[in-house]
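Engineer: let's see this in three dimensions:
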Amino acid sequence: MSEEVVDLEEKFALFSEHWSPKLVARLNDYEVKLVKVKGDFVWHRHEDTDELFLVLDGQLTIQLRDRDVVLGPGQLFVVPRGVEHCPRADGEVKALLLEPQGVVNTGDAGGELTARVETI
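Structural biologist: Predicted coordinates for the structure are as follows:
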């Protein structure tokens, strides 16, 4: 990672796939990732870490077992460690994720939506 200004819109223009986070910066032991999402993800949990979702464009629903959290542009939500959740978006959403280095996007669920994080 360089000591350059990161232009989020320029970075979003570099990819089109959904549910495949892209690494754009590091902050100590944390990774700043951009992701485009659309449709349903998988129910999963991260036993060892919280997960921050910051919506930049669109509307994202974070389904929890006891309620839904709906986020619009400029809103963020932290899913506490160990809490089962399932992100969903009816239209395309652009979001920023902040997670410790090495967090797997599908948590304990695994499966075909598990993404290898690449740097852009």
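
Engineer: and residue 112, what pLDDT?
Structural biologist: Note for residue 112: predicted pLDDT of 63.

Engineer: equivalent analysis for residue 20, please.
Structural biologist: Residue 20 is given a pLDDT of 89.

Engineer: ok, now how distant is it from residue 75?
Structural biologist: 22 Å (C-beta to C-beta, to the nearest Å). Just so you know, the C-beta spots here come from the backbone N, C-alpha and C atoms, and that holds for glycine as well.

Engineer: between these two, which is the more surrounded one?
Structural biologist: Under the criterion of other C-beta atoms under 10 Å, the comparison of residue 20 against residue 75 puts residue 20 first, with 19 against 14.

Engineer: so what's the residue count around residue 72?
Structural biologist: Residue 72: 11 surrounding residues under other C-beta under 10 Å.

Engineer: what residues are up against it?
Structural biologist: 55, 58-59 (C-beta atoms under 8 Å, 6 or more residues apart in numbering).

Engineer: how confident was the prediction at it?
Structural biologist: Residue 72 is assigned 98 on the pLDDT scale.

Engineer: phi first, then psi, for it.
Structural biologist: Main-chain torsions, residue 72, degrees, to the nearest 10: phi -110, psi -180.

Engineer: same check, this time on the one 10 residues further on
Structural biologist: Dihedral angles of residue 82 (phi, psi; degrees, to the nearest 10) stand at phi 80, psi 0.

Engineer: equivalent analysis for residue 11, please.
Structural biologist: phi -70, psi -40.
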